[in-house]
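Participant: Pasting the sequence and the predicted model now:
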Amino acid sequence: METRELRYFIAVAEELHFGKAAQRLGIAQPPLSRAIHQLERRLGAALLERTSRTVTLTEAGSVLLREARAALDAVEAAERRTRRAALTATGHAGVVLATKAGAAGELLAKLLDAYAAEPDAVTVDLLLCGIGEQERVLRDGRADVALLHLPFDSTAGFDTEELRTEGQVVILPARHPLTVRPHVQMAEVTKLPGLPVPRWPGRDGTYPDGPGPQVREHAQLLQLIALGRACWIAPESCRAQLRDDLAAVPVLDAPMVTTVIAWPPHSRSRAVAGLVQAATRL
């Protein structure tokens, strides 16, 4: 299969309309229809159920949609990493480190200082991400290495080294009655009146159902908490970066969070290796 065919199929599978898919791809509808028919003949499987009014995915089509997305992501990741490796070799690019905005600030600062002291250190370009985004940018090649947080991020397919394990706290408005408590339980946090846990977008950009406000970035979340519209459960290390209008209370039964440094197992980048070695010596 060619990447062009996969792009064509993904467009049809996502739009479930040949006309809209053709418009999205910038081509005429007849060649798009022929390309999908040829793909089905080559695979020996019907990928789409077509009627005069609807287009739906077959079971085989659903499998190909998932695999096609992964394949194109892998191709794009390879292109990005190859270009960056070529630039790095000539001294025109650094290593890209993805990390969640507002997380592991002290650890990140120590890591950057330790790596900068290495004799062969290159520039580290930070890519600050929203919740869960650092895993995605590492997979698609926009980052060379990332700080991930277990059990929330998936490390499947990556090489990793554990850096730190810590408890969690609930972030509240500074004058909230619970801030005088030495600790709370998860059940108390989930029942806080008027302070629901925020909702972050999934990979497809949609938000899960729930009462919490929709958020996309760390600064937006902290503003909502300060205004008394939400609360947030986060690793204990975030205490060091809290504003004066926010407070943190330990949550005794919240799951422990382990921060790991992760990188693609096939990476041969000296800069990535040096960054990982600096991290493991902290």
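Facilitator: Done, it's in. Numbers count the residues shown, from 1 in each chain.
Participant: going forward, measure contacts and count neighbours with C-alpha atoms only.
Facilitator: Fine.
Participant: Give me the number of neighbouring residues for the residue nearest to residue 123 when sequence neighbours are not counted.
Facilitator: Spatial nearest neighbour of residue 123, excluding adjacent residues (CA to CA, 6 or more residues apart in numbering): residue 94 at 4.5 Å. If you count neighbours by other CA atoms under 10 Å, residue 94 ends up with 20.
Participant: What of residue 1?
Facilitator: 9.
Participant: same check, this time on residue 169
Facilitator: Quick note: residue 169 (other CA under 10 Å) scores 25 neighbours.
Participant: likewise residue 217?
Facilitator: There are 16 residues near residue 217, going by other CA under 10 Å.
Participant: Count the residues that sit near the closest residue in space to it that isn't next to it in sequence.
Facilitator: Excluding its sequence neighbours, the residue lying closest to residue 217 (CA to CA, 6+ apart) is residue 130, at 5.5 Å. Counted with other CA under 10 Å, the neighbours of residue 130 add up to 16.
Participant: picking up where we left off before, looking at it, the residue nearest to residue 123 is touching residue 126, isn't it?
Facilitator: No - contact criterion CA atoms under 8 Å: residue 94 and residue 126 do not qualify, at 10.0 Å.
Participant: Now for these two: what residues contact both?
Facilitator: Counting by CA atoms under 8 Å, 6 or more residues apart in numbering, residue 94 and residue 126 have no common neighbour.
Participant: which residues does the residue nearest to residue 217 contact?
Facilitator: Residues counted as contacts of residue 130 (CA under 8 Å, 6+ apart) are 100, 101, 216, 217, 218.
Participant: Just the buried ones among those, please.
Facilitator: With burial judged by 16 or more other CA atoms under 10 Å, the buried subset of these is 100, 101, 217, 218.
Participant: Just the pLDDT at the third one, thanks.
Facilitator: In this case it means residue 217. Looking at residue 217, its pLDDT reads 83.
Participant: got the contact list for stretch 186-199?
Facilitator: Contacts for stretch 186-199 (CA under 8 Å, 6+ apart): 170, 207-208, 210-215, 221, 225, 228-233, 251-254.
Participant: how about 7 Å then?
Facilitator: Counting by CA atoms under 7 Å, 6 or more residues apart in numbering, stretch 186-199 makes contact with 207-208, 211-215, 228-232, 251, 253-254, all of which sit outside it.
Participant: distance between the ends of it?
Facilitator: Taking CA to CA, to the nearest Å, stretch 186-199 runs 17 Å from one end to the other.
Participant: Over to stretch 186-198?
Facilitator: Start-to-end, stretch 186-198 (CA to CA) is 15 Å.
Participant: Give the buried residues for that stretch.
Facilitator: 186, 189, 195, 196, 197, 198.
Participant: a markdown table for these, including distance to residue 264 and pLDDT?
Facilitator: Converted to a markdown table, the buried residues of stretch 186-198 look like this (distance: CA to CA, whole Å; pLDDT from 0 to 100):
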| residue | distance to residue 264 | pLDDT |
| --- | --- | --- |
| 186 | 35 | 94 |
| 189 | 37 | 92 |
| 195 | 38 | 93 |
| 196 | 36 | 92 |
| 197 | 32 | 89 |
| 198 | 31 | 90 |
